[in-house]
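In: Sequence and predicted structure are below.
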Amino acid sequence: HLSLSTQVVKEIFSHNNSPRDKATSSSFFKQDTGGDSSEVCTHQYMIPIPEKKLTLLLTEDIGTIVNMMGEPTGSMVQFPAEPMALHAMSYPYLLAVFAKSVYVYDIRKDLRDAHVQTILFNNYFLSPNKADQVPVTSWTSVSHTGENQIYIIVGHDDMLLFLSQAPLEEQCKEMLRAEKFQECLQVAYTSKLPEYRQYLIENLCAEAAFHLMGKGEFHEALQYLVKCEEFQPSQLFPLFPEYTKHWKTKVERKRYWSMHPPLISLKELMESVAEESGLTTSSTVASIKGEICDYLLENRQKEGIQLADGVDTLLVHLLLDIDEIEKLEEFARLPNHISIQDVEGRLCEIGRVHTLALLYESLEQFHSAAELWISLCENKRSELPNPGAFLTREMNQEGKTLMTIIPVEVARVLKKAGSASSAINEFLPWLMENAVDVSLKLLSDVSLTVNEIMSMLKATKSRRSRWKYLDFVVNALMSKDPMHHSEFAIAMIDLWKSKKEVGGEEIDPETLANIRSRLQSFLEDSDYYNTQTVVSALKGTALWPEQVTVNKKIGNHKEALHILTFTMKNRERAVSYCEELGTQEGYLTLLDMLLNPEEGPPLYGDAVRLLGSRGAALNPLRVLEALSDTMPMPLAYETLARMLRERAHRKRSGQIVKGLARAHELSIAQDRVLALSEHIEMTADRACRVCHVRLGTKVFGLYPNGVLVCYRCMMRNGKDAQHVCPVTGTDFSKTFM
């Protein structure tokens with residue numbers, strides 16, 4: 001501020017006081033300072049921008065830039081109030097003078113975002129009620145470094161405000177001291193040099209963030225930190241010394257412009273803020289930790305991050321502090337660099353076993369992860385319920401328990417571990433025993449041989465797991481190995497015989513019925529199992545239909561019929577069995593069983609019904625041989641008479657058929673003799689009945705109806721049609737047949 005006499009000021013800002021129409025004209029004052037000459041605009045409605053041949057039109061507090069044709073070239077800007085003066089002669093800057101400040105705009109930008117700086121006056125400099133216009137002048141000179149330097153004077157009465165360009169860094173520091181962080185950022189953006197501009201932004205945002213954190217304003221502070229590309233999350237470690245002591249000596253101490261005090265612990269910091277404001281800090285600290293967690297989650301993976309293990313470990317502790325278990329579990333599923341030994345004890349102590357297992361999984365310690373989950377199922381460890389926790393949410397769904405949820409997690413880590421891992425050898429038997437369906441899906445994804453898996457299953461002694469897996473091998477993998485088919489049948493037989501699992505748990509009737517149905521269909525359809533082995537396994541059981549099926553496959557029809565007739569007492573099924581065989585042997589075997597049972601009297605009634613059955617076309621002599629001498633004649637009379645009548649009828653029918661066939665053969669032979677004995681007289685003048693060309697010495701054909709054609713016409717429709725007369729269309733092949 002320069003204090004001058006009124007006369008001096010008037011001489012500096014000499015102007016034309018002639019009347020003018022503000023809405024349509026403008027006037028300028030000349031100023032010569034030894035440098036370049038510039039014009040001073042005192043018109044408050046039309047402000048020229050000579051360098052770009054543009055004009056700023058002002059209407060009250062709204063300004064618009066137009067070209068020489070009066071067309072708008074940019075957006076409008078709304079000033080805080082109607083400016084007392086506007087100056088646009090020092091391009092690219094536009095100055096708006098108000099009662100207590102000067103606003104600086106960069107008109108290269110969109111005018112809505114062009115405000116870059118506010119320069120405050122002393123309170124007494126301009127009166128807010130003063131209606132007079134404020135004169136402004138500027139000039140440019142060349143500094144000793146060869147750069148253009150802009151100077152501006154704002155005058156009123158006996159006071160002058162002298163404005164000149166200052167280094168951006170110094171301006172930023174001054175604004176930081178005045179806590180004008182946003183204006184400081186706007187000033188930094190005006191730099192034309194990208195590297196220097198980034199340097200300013202990096203330092204001023206970091207300084208602003210540290211300053212705001214010192215005042216407990218972490219929300220705004222973290223917004224500035226996001227703009228710092230080189231800021232390392234590890235620089236926040238001093239806020240949490242209890243969680244980051246292992247990395248204390250490794251943190252890079254970057255001071256930036258050294259305008260902020262060093263960080264202290266969050267607890268001490270908030271206590272200090274609370275003493276100054278008189279507010280409690282418990283809820284504030286929790287919200288601050290939540291915001292820091294969000295910042296760390298967003299920036300933990302940026303390129304060039306330092307002490308990543310410390311950052312991820314701190315993140316786990318902070319999420320536990322604010323009880324954000326859902327976020328913690330989502331984070332634990334991501335690739336990370338957590339120092340597991342620093343969080344393991346705390347997670348187990350507060351009942352976050354599932355989270356710890358997820359962390360082990362993310363660090364590819366699959367054995368430890370599976371072991372933790374299995375310990376939860378076996379009640380060796382406990383998980384504290386939490387509305388955001390995965391296990392709590394899943395168990396709140398109908399029909400879900402730990403034994404339905406945990407096996408899925410175990411299967412996932414075993415799949416990641418691969419077949420070469422010791423984890424799959426150790427925990428697959430447990431999975432097969434407790435979640436067969438889940439384990440079968442896992443086995444379809446790992447490269448283990450059937451024999452290796454069968455060895456594991458023997459260790460579990462779980463019959464249900466064994467037959468389920470063999471079912472998968474035979475029906476899903478379509479194995480044709482006889483050993484697999486035999487083992488599958490024996491596994492189902494053993495499971496049905498025991499009707500209990502190894503642990504003594506009863507198998508429900510529905511499952512048993514399903515197993516038996518599968519066994520019956522398998523024994524009928526498969527041709528690969530060892531029948532003798534299966535027969536041995538079936539002995540001593542009540543699986544009679546299954547024994548019938550296997551005995552039928554090995555040709556032991558006598559045993560099969562014996563089971564049907566005397567054990568199952570299903571004589572109708574026994575007769576059907578004989579019909580399926582389609583031979584006399586089955587009927588005769590069954591007849592012998594009925595007439596000569598091992599126990600009890602002969603079953604003459606059943607024997608007679610057998611002889612009268614639809615498919616029993618037996619040799620009468622063999623039937624007589626099979627009939628017992630003690631069989632009452634009245635019982636056998638009707639059957640024997642029917643058999644004799646049937647044999648006589650068959651003989652007579654055969655004789656009739658034989659006579660008809662002989663007569664037909666004689667008729668055909670006669671026709672052949674007549675056809676061969678027919679004589680045809682050919683002359684050179686005879687012509688083809690189709691093309692009417694004389695035959696001469698050509699090959700010809702003669703049809704039985706007397707039509708004579710040349711060979712070409714006979715074969716015209718193909719070899720298959722040579723028996724069809726081309727004149728009458730008669731097919732002689734069908735006629736003779």
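Out: Received it, and whenever you're ready, just let me know what you need.

In: Now do the contacts for residue 300.
Out: Residues in contact with residue 300 (Cβ atoms under 8 Å, 6 or more residues apart in numbering) are 233, 308, 311, 312, 315. All C-beta spots, glycine's among them, are computed from the backbone N, C-alpha and C.

In: let's go with 6 Å and repeat that
Out: Counting by Cβ atoms under 6 Å, 6 or more residues apart in numbering, residue 300 touches residue 311.

In: For it, give its distance to residue 77.
Out: 41 Å (Cβ to Cβ, to the nearest Å).

In: buried set for the helix or strand encompassing residue 403?
Out: Per DSSP states H and E, residue 403 falls inside helix 402-417. Of the residues in helix 402-417, 402, 405, 406, 407, 409, 410, 411, 412, 413, 414, 415, 417 count as buried by neighbour count, 16 or more other Cβ atoms under 10 Å.

In: contacts for it?
Out: Defining contact as Cβ under 6 Å, 6+ apart, one finds that helix 402-417 is touched by 361, 366, 369-370, 373, 377, 394, 423-424, 431, 435, 438, 442, 445.

In: Please export the C-alpha coordinates of that helix as CSV.
Out: The C-alpha coordinates for helix 402-417 follow below in CSV (Å, rounded to 0.1, in the frame of the first residue of the first chain):
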residue,chain,number,x,y,z
LEU,A,402,-21.4,-75.0,9.7
MET,A,403,-21.4,-78.5,8.2
THR,A,404,-22.9,-77.2,5.0
ILE,A,405,-20.9,-74.0,4.8
ILE,A,406,-17.4,-74.9,5.9
PRO,A,407,-16.9,-77.9,3.5
VAL,A,408,-17.3,-75.5,0.5
GLU,A,409,-14.6,-73.2,1.9
VAL,A,410,-12.3,-76.2,2.5
ALA,A,411,-12.9,-77.6,-1.0
ARG,A,412,-12.0,-74.2,-2.5
VAL,A,413,-8.6,-74.1,-0.7
LEU,A,414,-7.9,-77.8,-1.5
LYS,A,415,-8.5,-77.1,-5.2
LYS,A,416,-6.1,-74.1,-5.0
ALA,A,417,-3.5,-76.3,-3.2
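
In: Pull the distance from the lengthiest helix in the chain to the chain's centre.
Out: Ordering each helix of the chain by length in residues (DSSP state H) puts helix 633-677 first. Relative to its chain's centre, helix 633-677 lies at 77 Å (Cα atoms, centre = their mean, to the nearest Å).

In: tell me what the next helix or strand after it is packed against?
Out: Using DSSP H and E, the next helix or strand after helix 633-677 towards the C-terminus is strand 700-702. With contacts taken as 3 or more Cβ pairs under 6 Å, 6 or more residues apart in numbering; DSSP states H and E, strand 700-702 sits against strand 708-710.

In: For the longest helix of the chain, which helices and strands make contact with it?
Out: Counting by 3+ Cβ pairs under 6 Å, 6+ apart, helix 633-677 packs on helix 604-611.

In: Averaged pLDDT, the helix it packs on. What do you get?
Out: In this model, helix 604-611 has an average pLDDT of 68.

In: same deal with stretch 565-585?
Out: Across stretch 565-585, pLDDT averages out at 81.

In: Between the two ends of that stretch, how far is it?
Out: Start-to-end span of stretch 565-585 (Cα to Cα, to the nearest Å) is 16 Å.

In: So which bits of that stretch are buried?
Out: 565, 566, 570, 571, 574, 575, 577, 578, 581, 584.

In: Strands of the stretch 151-300 of the chain, residue ranges please.
Out: 159-164 (DSSP state E, counting those that start in this stretch).

In: Where does the closest residue to residue 493 other than its chain neighbours sit: helix, strand or coil?
Out: Counting by Cβ to Cβ, 6 or more residues apart in numbering, residue 537 is the residue found nearest to residue 493 once chain neighbours are left out, at 4.8 Å. Secondary structure assignment for residue 537 (DSSP: H, G, I helix; E, B strand; the rest coil): helix.

In: Any idea how many residues pack against residue 537?
Out: Residue 537: 21 surrounding residues under other Cβ atoms under 10 Å.

In: what about it, distance to residue 69?
Out: Per Cβ to Cβ, residue 537 is found 103 Å from residue 69.

In: Could you do residue 51 as well?
Out: 18 Å.

In: and what of residue 351?
Out: Going from residue 351 to residue 69 by Cβ to Cβ gives 75 Å.

In: Look at the two and report which has more neighbours.
Out: In this view residue 351 and residue 69 are compared by other Cβ under 10 Å, and residue 351 has more residues nearby, 15 against 6.

In: The more buried one contacts residue 381, doesn't it?
Out: No - using Cβ atoms under 6 Å as the test, residue 351 is too far from residue 381 to be in contact (8.4 Å).

In: Could you name every residue contacting both of the two?
Out: Contacts common to residue 351 and residue 381, judged by Cβ under 6 Å, 6+ apart, are absent.

In: which residues touch residue 203?
Out: 256, 257.

In: how does it look with 8 Å?
Out: For residue 203, the contact set (Cβ under 8 Å, 6+ apart) comprises 172, 256, 257.
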